[in-house]
Structure formats: structure tokens, C-alpha cells
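Chemist: give me coordinates for this.
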Amino acid sequence: NSGGGEDPDRITWGSNLDFLLSIIGFAVDLANVWRFPYLCYKNGGGAFLIPYLLMLVLGALPLFYMELVLGQFHRQGPISVWRISPIFKGLGYCAVSVSFFVSFYYNVIIGWAFHFLISSFSYKLPWKDCLNSWNEAECAIKCVSTIDQETNQTSVLLYKSDLNVTVPAVNITCNQTRSPAKEYFNKAVLRVHESEGIYDLGSPQWQLILCIGTVYFLLYLSLFKGVKSSGKVVWLTATMPYVVLTILLMRGLMLDGAIDGITFYLNVNWEKLREKEVWIDAAIQIFYSSGAGFGVHLAYASYNKFHNNCYRDCLVTSAVNSFTSLFSGFVIFTYLGYMAKSQGKNIENVADQGPGLVFEVYPQAVATLPGSQFWAVIFFFMLIMLGMDSAMGGLECVITGVMDEFKGFFSKHNISREIFTGLVVSSSFLVAIGCVTPGGYYVFYLLETYAAGISLLTTVFFEVIAVSWVYGLTYFSYDVQAMLGHRPGIYWRICWKFISPMVLAGVILMTMAETGILKMERFDGTKYVYPYSAQWIGRILALSTMLFIPSLAIYAVYKAKNSSTSSKKRTLCQSIGVAITPSYETVQDDANKRLTWSHWKQI
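Modeler: Reported below is the predicted structural model:
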């Protein structure tokens, strides 16, 4: 098969460990820390592991393996690899676009972590108490409500600092109070109170511009030499989080209430398995966490040596990814249990997900510990490490995808990888500046909702259809055998052909059914409803990436119809046959084997 093999001109990873740490680093990201633990406790504790592992084994794992095989065998980026079936080249453009759009907001999160990291070196953590200029009357470290038995009147006392500075609350209940960390993140860092909504952005904040500028500068240094440079960076970014998580867990287990938090985290509620939302959450979490569909695995695997054992890499990465999610839950819930105990609240009242967990809840917990600056520094350093290798993977997909597809253009105009990397990084940085304005959080939330939602799932769905049905499992199995010396087992082939597409189709339909008016909860508890025009901007953003799939499919058929060397024009059926046949194969219009039933029924 002329579709794969060694390419002496293509650079390769310095070692297999460089590649393994890179795909582990991309798969293990911030969502493992801030989303999985919350989903686990919300969806039945230990019972949630059943749908999670089922979705992993039947959906995400086969797709992950498939992408590694594709990239390694064909040694092409996420766009050029679709020479195996040109009608699906739009999948590559869609994946690259999604990865680029995600960088607009994902790198901003790392910038916030840099801001908190720098602030953690102060003599007193700025979110330690409510005695700062940005704090409002609702700010409290602790709230105590008492009822006078004689008058039956409720009095509320707000603790403003750990020095027992108290203030009687006026028209404020304990449910209306906010932690110092919440006010610091939203008022001092983001300054969202200065904006009325997404159409009131305001001026960018120079502190956050410097923070995200640092992130993008580090990304450029990691990427401009390709895998030769990024492969060394991941030795720090992919391993350090485990050291920090272990240290934090050991400290957390010493805190009062830690065991309550872990018990709450793993409490099994089998009844939850009857709710469809639990299965949707499990599917979405594992599909996004595995990283399939972003094109990153294709890009990274394309730099492997031809006979690298990507099967082993797939299993190791998936195991590490799932272990990290579970392990992170233990770390987070030890501190949530401690925080609930110290504040006299139930754990469900302090638990959160997303940025609220890592920039509001967790910082507040460590602020009360002796040596709080140290614990804050290592926590935010860990967040930066978790985010950086995922950010590197996303931009590597863009750089590799475009440079592989337009290799002739870059050679003709003498555009080096260093120059193009600078162009990609700087353009992403310019867009990201919109997220560091007072109204930037509204932009951030819009991008997070639409940039990699339904478009990512759609890409993965058509990807598995293209490989297992159109390219053909027989040919794909030969590719695996050529690299690894054995064909994939029946489990993999059944998943690729039937189970994974059905699981993905179900997730896509359920996700579409869940769509509604886009709302966001502000830090003060009020709801912000996005204007319809803003929601349509988000939908158009998602649609713009997905449109690559049908538009380039139509173009591939049109090109095939007009590329016949004979005087007789191809029929529509023959043109489709050419468009689905690998570009490196000779096409016989009247006897195209990929248009036969025997090809489609391959397993």
C-alpha cells in the first residue's frame, strides 16, 4: 500500500516517551480537575464510573486508537491524512478550525492561573479576607445565623477575616454571602461588575494582557521547532501535575472534614443510573477528555516512527487519563470537605465546577491553611502545567495541519515553521485579548459553549464512518498489521464499524435536544441571558467549522467529475467513487471496488 511508510524527510520524536508524554499531556487537562469530580458526585458518586467506563470502552478508546493509527501510518497532518478518502477532507479543516477557536479562550484560563500564581507570592493572599477595596457587604469568610427564641427573630453575623472581625448583616442571609475568593476573581481580576453584558466589553486590562502574553510567548518557544522542542517541554508539563496532586492530597487528608469530602465524592447512588442526563454527562466528558476529533492525536502520531507501538500508547494514555480524573476528585473533595466543615455548610453548597472550582472554591480553601501562600503557589503552578501541554497540542494541530496540506506554498514563498508558528500564535493572542476585558468573561463563556461542542462530536462521527465504512476495515486492518505486526481484534473492528458510530449518533442527538436559551450565572447570583444576536453568533461559529464537511465533499465530487482523462465525462456515481477512493490509488470508473457491497460489509 503506497499510502503509508517511512518518510525520511519528516522529523520524528526524539524518543517514544516524548510522544507518550505529549498525548498524555493533551488528554489530561483542566477538565480532569474541574469537571470530572463535580460530575462524579452529582451523578451518583461511584455509580457514575459505570457509564463513564462503558463510554470509554465502547466509544472514546476505539476512536483514540483509530486516530493514532491513521496519523502514524500515513504520516500526515489532520488535513492531508484524508487523502485516504478525499470526500472527507472537510473533516481535517473542521478539526483544525475547532482547535484554533478553542485556543482563543483556553489560553485565557492559563493566563488567569498566571495572575493567581503571581498574586500568591504576596505577604497576604489578596483573597484571604473581606477587608479589601473591591469587597462588598455580601463578602464573608463565614456566616452564622441564630434565632432568638423569645422574639423569633433571625440575626446574621458575617465574619470578615480570620481575626474574628465580624459585622452584623443587614438584609443579607447566609445564602446570599460570597467568599473573598469569589469576589477577588470576579471583581479584582475579571472586573465583570464593570460590564453590562457581551456588548459592553470595555478596555482590556493590562495585567491580564501581560499574563496571556506570557502564555503565548511560552507556547511559541515550545512550538517553533516542532516536536523536537515541544517533546522536551512535556517532560515537565505532563509529569509535574502528578507530583503536585500527590502533595496536595497528602496535606488535604490531614484536614478536618477531609474524610467527609471523600465519602461524599464516592457515595454510591444506583438510582442515578436511570437518569439519561447521567449517561449524557459520562459520554460528553470522556469524548472531550480523550481529545478525539481535535486533530491533535493525528498531528502528534504523524511524527512517530512507522513501527512505533501506538496500540500500547493508546491503552497507557487512556488508563492514565481516567486515573487522573478519579485521583483529582480525591484531592478536590478533601479540601471541599474541609471547607464545608470550617464554614458549617453542606458539601453540595460549596462544590462547583469549571472556573468557579479552581479560581473561587479551591483558593478559598487553601487561604485558611498555615503557609497558605505555598499551597496556592503549587496549586496554580499545577494548573498552568495542566493547561500548557493541552494548549500546545491544540496549536500544534493547526500548525502541522496547515503546513502539511500547503507544503508547496510554504516552500515556494520560503515561509519557515518559525514564521508560521509566530503568525498562528500572534493571531490567537489578538483574539484572546477580547476575553480579558471587563466584558470578556461573557465572550469566554460564549466561546466555551459553542467553539467545540456539537462540531467536535460531528467531526468524530464522520471520521469513524469514513475509516470503517468508506476507506474500509480490511484496508485499515492491513495498515495496522504493516506497522504493528498484527491485525486489530474483533472488539476493535466491531466498535469502529457499529458501536462507536451509534454511541456518537446518540450523544449528538441528545446534545441537540438539550440546547436552549444561553444563560450564565453571574458572581452575584443573578442570571444573564445572552441576546439572541449573540447566541446566533455562537451558532454561526459552530456552523462555520461544520460547513467544511459538506462543502469540501461537494467540491471533491465536482473535481472528480471534471478530472476524467477520457473524453467521456464521469457519471455522478462514478465521481463519488473517485472522491471516496484514496488519491494514491488508481481508479477504475466501471469497476470501483469501493462502490460494491463486498467492500461495505467488511468487518
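Chemist: what average pLDDT does stretch 340-358 get?
Modeler: Per-residue pLDDT over stretch 340-358 has a mean of 80.
Chemist: what about Q602, distance to Y471?
Modeler: Q602 is 10 Å from Y471, where distance means Cβ to Cβ, to the nearest Å. C-beta coordinates here come from the backbone N, C-alpha and C atoms, glycine included.
Chemist: looking at the two, which one has more neighbours?
Modeler: For the pair Q602 and Y471, the greater number of neighbours falls to Y471 (24 against 16), based on other Cβ atoms under 10 Å.
Chemist: what is the burial count for the nearest residue to L255 once chain neighbours are set aside?
Modeler: Distances taken as Cβ to Cβ, 6 or more residues apart in numbering place Y338 nearest to L255, at 3.9 Å, with adjacent residues excluded. Number of residues near Y338 (other Cβ under 10 Å) recorded here: 25.
Chemist: Y338 in helix, strand or coil?
Modeler: With DSSP: H, G, I helix; E, B strand; the rest coil as the basis, the three-state label of Y338 is helix.
Chemist: where along the stretch 251-400 of the chain do the helices fall?
Modeler: Along the stretch 251-400 of the chain, counting by DSSP state H, counting those that start in this stretch, helices occupy 258-266, 276-290, 296-301, 310-343, 355-356, 362-367, 372-405.
Chemist: likewise the stretch 501-603 of the chain?
Modeler: 532-546, 548-561, 572-580, 597-600.
Chemist: the residue nearest to L255 reaches A258, doesn't it?
Modeler: Yes: here Y338 reaches A258: they are 5.6 Å apart, a contact under Cβ atoms under 8 Å.
Chemist: any shared contact partners between these two?
Modeler: Among the neighbours of Y338, those also in contact with A258 (Cβ atoms under 8 Å, 6 or more residues apart in numbering) are G252.
Chemist: right, and the helix or strand after the helix or strand in which V102 is found?
Modeler: Using DSSP states H and E, V102 sits in helix 89-119. Next in sequence after helix 89-119, counting helices and strands by DSSP H and E, comes strand 142-147.
Chemist: next, the buried residues of that following strand.
Modeler: K142, C143 (16 or more other Cβ atoms under 10 Å).
Chemist: tell me which strands and helices that strand is in contact with?
Modeler: For strand 142-147, the packing partners by 3 or more Cβ pairs under 8 Å, 6 or more residues apart in numbering; DSSP states H and E come out as strand 154-159, helix 310-343.
Chemist: ok so, going back, now do the buried residues in the helix holding V102.
Modeler: So helix 89-119, judged by 16+ other Cβ under 10 Å, has buried residues 89-117, 119.
Chemist: helix 572-580 and that helix, what's the angle between them?
Modeler: Helix 89-119 runs at 40 degrees relative to helix 572-580, counting by axes from the mean of the first three to the mean of the last three Cα atoms, to 10 degrees.
Chemist: what's the separation between G293 and D129?
Modeler: 44 Å.
Chemist: so for these two, which sits in the more crowded spot?
Modeler: Neighbour tally, G293 and D129, criterion other Cβ under 10 Å: the higher count belongs to G293, 30 against 20.
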